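Chemist: The following comprises the amino acid sequence and a computationally predicted model.
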Amino acid sequence: MSESSDIFAGSTLQTADLKPFQILAPDGRPVREELIPDLEIVEELYRRMARARYLDDKFMVLYKSQRLGNYAQFGGQEASQVASAFVLKAKDYVCPMYRNTAAMITHGWPIEKAILYWRGHPDGWRIPDDLNIMPIIISIPGQIVHAAGVALGIQAQNLGAVALSYIGEGGTSQGDFHAGVNFAAARKAPAVFIIENNGWAISVPRKVQSGVDYLMRRAEGYGIPGYLVDGNDALAVYTTAKKAVEDARVGNGPSIIEQLTYRVRPHTTGDDPKAYRTEDETNEWIANRDPIKRLKLFLEYEKRWNDDREVAMQAEIETEFTAALEAADHAPAPDPMALLDYTMIEPTWQLEEQRATLQARVAAEGGAA
């Protein structure tokens, strides 16, 4: 695969007529055959994307059976998250938002912990010590500021690592997005900021979010590279993220990658997308632009995949999930006081009052605190 920067011509700010960078067409056929990565890498990307889709489906089943809390689905965005997180090394950091379960699992987050997190169990809140993943941010876009700060720490300690963060197109309208990216750019900190442009900021369409045609154009104002990528093309995402991460790692500073994708599922399990978009729009993306189907078709064209391998892979994924669910189901019941243990470093008087109230409630009901 060519590593020269001109492979992104037309997808970076080198030209006014921007076109999303693409390696595979929606039917799985290569449009840039010379850029296809090693096929072992392609197969592993497919496995991880299929695993992510399976988990997203199963988490919805758990929610509907009241075994999971409100959950932010990512279905349709598997290439965007899996293929970008896949390029990271263990020492690199992911600074996630609430829709980044796929990216976090790709970077090593145990499925059991993901289940517990979305159940509201304290054991799911804590990221394992050996994983470089920051806590999930609900108040978008705080994760961008976190990524800038983490990247500055990496730079100060000369760790040779990178901070990768994600944000939806709606979140880029918030001030913290500008503050975080501008800070990282000014310091040439090793960060990569991915905009997952999935078309909808809850119920607000992309076209009313910003006056620019593509959000990655903002990179020019920060003095950093910007890339426009077909976010449902796993190989294009992988190739672009790999370049951006490697550039950041060697001291060339941060970049912005806008990945054009689509949220085919609701904003969260508490959302009804029929209230603000048509089913025809969603069905068109499902039928013709599905990222997993695209990669599978390519592997089949290359004679690298068949029905037997598919069945075997799905069985492995199911076995893994079943074991993780069993472990989560048998996790010890949480201490009610844990709700207040991780709120403030120095408790405020309000927090102390809440603690006393909760202790009294637990004692009255025969529990222990």
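Modeler: On my side now, so go ahead. Residues are numbered from 1 along each chain as shown.
Chemist: Only C-alpha atoms from now on, for both contacts and neighbour counts.
Modeler: Fine.
Chemist: domain parsing for this protein?
Modeler: When the chain is parsed into structural domains using automatic domain parsing, the resulting residue ranges are 5-333, 335-369.
Chemist: In the stretch 251-369 of the chain, what residue spans correspond to strands?
Modeler: Under the criterion DSSP state E, counting those that start in this stretch, the stretch 251-369 of the chain carries strands at the ranges 255-260.
Chemist: Mind telling me which residue is nearest the centre of this structure?
Modeler: When the chain is reduced to its mean C-alpha position, the nearest residue by C-alpha atoms, centre = their mean turns out to be N100, at 3.2 Å.
Chemist: how close does R249 get to G149?
Modeler: R249 sits at a distance of 15 Å from G149 (criterion: C-alpha to C-alpha, to the nearest Å).
Chemist: swap in M344?
Modeler: For M344, the distance to G149 under the criterion C-alpha to C-alpha works out to 20 Å.
Chemist: higher neighbour count, those two?
Modeler: Using other C-alpha atoms under 10 Å as the criterion, M344 and G149 rank with G149 on top: 18 against 9.
Chemist: returning to that earlier point: select from the domains of the chain the stretch with the lowest mean pLDDT.
Modeler: Taking each of the domains of the chain in turn, the one with the lowest mean pLDDT is domain 335-369, at a mean of 87.
Chemist: Return the set of buried residues in that domain.
Modeler: P336, M337, R355, L358, Q359 (16 or more other C-alpha atoms under 10 Å).
Chemist: do stretch 130-144 as well
Modeler: The neighbour-count check on stretch 130-144 (16+ other C-alpha under 10 Å) flags L131, N132, I133, M134, P135, I136, I137, I140, P141, G142, Q143, I144 as buried.
Chemist: still on that earlier bit, could you identify which of the domains of the chain is most buried?
Modeler: With neighbours taken as mean count of other C-alpha atoms under 10 Å, the domains of the chain reach their highest mean count in domain 5-333, at a mean of 19.
Chemist: Look at stretch 185-199 and report the distance between its end residues.
Modeler: Taking C-alpha to C-alpha, the first and last residues of stretch 185-199 lie 26 Å apart.
Chemist: what about that stretch, distance to the chain center?
Modeler: Shown here is stretch 185-199, whose average C-alpha point lies 13 Å from the average C-alpha point of the whole chain (C-alpha atoms, centre = their mean, to the nearest Å).
Chemist: same thing with stretch 46-62?
Modeler: Distance, stretch centre to chain centre, for stretch 46-62: 14 Å (C-alpha atoms, centre = their mean).
Chemist: repeat for stretch 40-53
Modeler: Computed by C-alpha atoms, centre = their mean, the separation of stretch 40-53 from the middle of its chain amounts to 15 Å.
Chemist: can you dump the C-alpha coordinates of it into PDB?
Modeler: Once side chains and other backbone atoms are set aside, the C-alpha atoms of stretch 40-53 remain, and they are given as PDB (Å, rounded to 0.1, in the frame of the first residue of the first chain):
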ATOM      1  CA  GLU A  40      -5.200 -10.700   7.400                       C
ATOM      2  CA  ILE A  41      -5.900  -7.200   8.600                       C
ATOM      3  CA  VAL A  42      -9.100  -7.000   6.600                       C
ATOM      4  CA  GLU A  43     -10.300 -10.300   8.000                       C
ATOM      5  CA  GLU A  44      -9.700  -9.100  11.500                       C
ATOM      6  CA  LEU A  45     -11.500  -5.900  10.900                       C
ATOM      7  CA  TYR A  46     -14.500  -7.800   9.600                       C
ATOM      8  CA  ARG A  47     -14.500 -10.100  12.700                       C
ATOM      9  CA  ARG A  48     -14.400  -7.100  15.000                       C
ATOM     10  CA  MET A  49     -17.100  -5.200  13.200                       C
ATOM     11  CA  ALA A  50     -19.400  -8.300  13.200                       C
ATOM     12  CA  ARG A  51     -18.700  -8.700  16.900                       C
ATOM     13  CA  ALA A  52     -19.600  -5.100  17.500                       C
ATOM     14  CA  ARG A  53     -22.900  -5.500  15.600                       C
END
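Chemist: Can you report phi and psi for Y166?
Modeler: Note on Y166: its backbone torsions stand at phi -120, psi 150 [degrees, to the nearest 10].
Chemist: leaving aside the residues next to it on the chain, what's closest to it?
Modeler: In space, Y166 comes closest to I194 once its chain neighbours are excluded; the distance is 4.7 Å by C-alpha to C-alpha, 6 or more residues apart in numbering.
Chemist: Helix or strand: which one has the one you found?
Modeler: Here I194 sits within strand 191-197, counting by DSSP states H and E.
Chemist: got a list of contacts for the helix or strand just after that strand?
Modeler: Later in the chain than strand 191-197, the nearest helix or strand by DSSP H and E is strand 200-201. Outside strand 200-201, the residues within contact range by C-alpha atoms under 8 Å, 6 or more residues apart in numbering are G168, E169, G170, G171, R206, R263.
Chemist: got a list of what G69 touches?
Modeler: Contacts for G69 (C-alpha under 8 Å, 6+ apart) come out as Y63, W118, R119, G120.
Chemist: pretty sure A219 contacts I256?
Modeler: Yes - A219 lies in contact with I256 (C-alpha atoms under 8 Å); the separation is 6.2 Å.
Chemist: if we can go back for a sec, output the contacts of strand 200-201 as TSV; include the columns distance to M104 and secondary structure.
Modeler: Below are the contacts of strand 200-201 laid out as TSV (distance: C-alpha to C-alpha, whole Å; DSSP: H, G, I helix; E, B strand; the rest coil):
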residue	distance to M104	secondary structure
G168	16	strand
E169	19	coil
G170	21	helix
G171	19	helix
R206	25	helix
R263	18	coil
